[in-house]
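> here is my input; please provide its structure:
(one chain, ligands or ions: 2)
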Amino acid sequence: MIQLQSIKKSFLIGKEKINVLNDINLTIEDGEFVAIMGPSGSGKSTLMNIIGCLDKPSSGNYFLEGDDVSNYNDKELAKVRNESIGFVFQQFHLLPRLTALKNVELPMIYAGVSKQERRERAVEALEKVGLSDRMDHLPNALSGGQKQRVAIARAIVNKPKLVLADEPTGALDTKTSKSIMEQFRELNEEGVTIVVVTHEPEIAEYADRTIMVRDGMIQSSRFERGL
Ligand code: ADP
Ligand code: MG
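Ligands and ions are numbered 1, 2, ... in the order given. Next up, the predicted model:
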């Protein structure tokens, strides 16, 4: 599903060029559940942004489901994001003035889904994450774990084949973190490819494979569950 070949990424700060990703080669198969670990500042989020088509590599090729997206323009990348990828972030990124239901409906508005179908699919996604009784709540009236479940419902409502989560449990206590990871496992068992960034080993254990990033390079890739 994901094939990164010799991916490099650098940022220009003033006149200084800093190399953040140095020759990343990585293949993730359809249906895998992968954890990305590594020290703070090692380039994990930069890598996730490239995988998620939120940013482009400085050089190298990125094949997503066989298409070389490294040369796509912004509009083409936005289309790939909307149609094929769900995103979950550490700080949930819910809109505070919208109810859980409306937050989940939002990606479908961009996708041009009819009002009635939007409602049905948002209800279904919220039921799936166990929040049928919280649909009309505003984010502020929800716990951290519940907010993250709303974010997961929003991420899956367009039925993406790939879900990317950058430190999804970073703002949650251990018990809640584990229940969120159970939710990702369940999605993975239904066939969704999942990539999760975490710095907690017990969170990475939910994945089938852990990739270690250090200084913008993949240091090791080890199997947890013997796929
Ligand atoms: P991690 O997620 O592993 O903590 P990041 O990918 O966020 O690491 O960042 C890696 C390095 O790249 C850091 O030194 C960070 O300051 C730098 N960096 C990330 N994004 C940008 C950007 N947009 N502009 C300049 N530097 C950036
Ligand atoms: Mg990060």
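
> can you give me the pLDDT of the nearest residue to Met135 once chain neighbours are set aside?
The shortest distance from Met135 to any non-neighbouring residue, by CB to CB, 6 or more residues apart in numbering, is to Leu101 (4.3 Å). From N, CA and C alone the C-beta is placed, and that goes for glycine too. Reported pLDDT at Leu101 in the predicted model: 98.

> list the buried residues in the strand or helix carrying Leu101.
For Leu101, the host element (DSSP states H and E) is helix 100-110. Burial within helix 100-110, assessed by neighbour count using 16 or more other CB atoms under 10 Å, is assigned to Ala100, Leu101, Lys102, Asn103, Val104, Glu105, Leu106, Pro107, Met108.

> let me see the ranges of the strands in the chain.
2-13, 16-28, 33-37, 59-64, 67-68, 85-89, 162-166, 193-197, 209-214, 217-223 (DSSP state E).

> if you look at the second one, does any of it touch ligand 1?
Yes - counting by CB under 6 Å from any ligand atom, contacts between strand 16-28 and ligand 1 involve Val20.

> just to revisit the earlier point, distance check, the residue nearest to Met135 against ligand 1.
31 Å (CB to the nearest ligand atom, to the nearest Å).

> that residue contacts Ala122, doesn't it?
Yes - using CB atoms under 8 Å, Leu101 makes contact with Ala122 at a distance of 5.3 Å.

> quick check: neighbours shared by those two?
Shared contacts of Leu101 and Ala122, defined by CB atoms under 8 Å, 6 or more residues apart in numbering, comprise Met135.

> mind listing what the residue of the chain found nearest ligand 2 touches?
For the chain and ligand 2, the shortest gap (CB to the ion) falls at Ser45, measuring 3.2 Å. By CB under 8 Å, 6+ apart, the contact set of Ser45 is Asp166, Val197.
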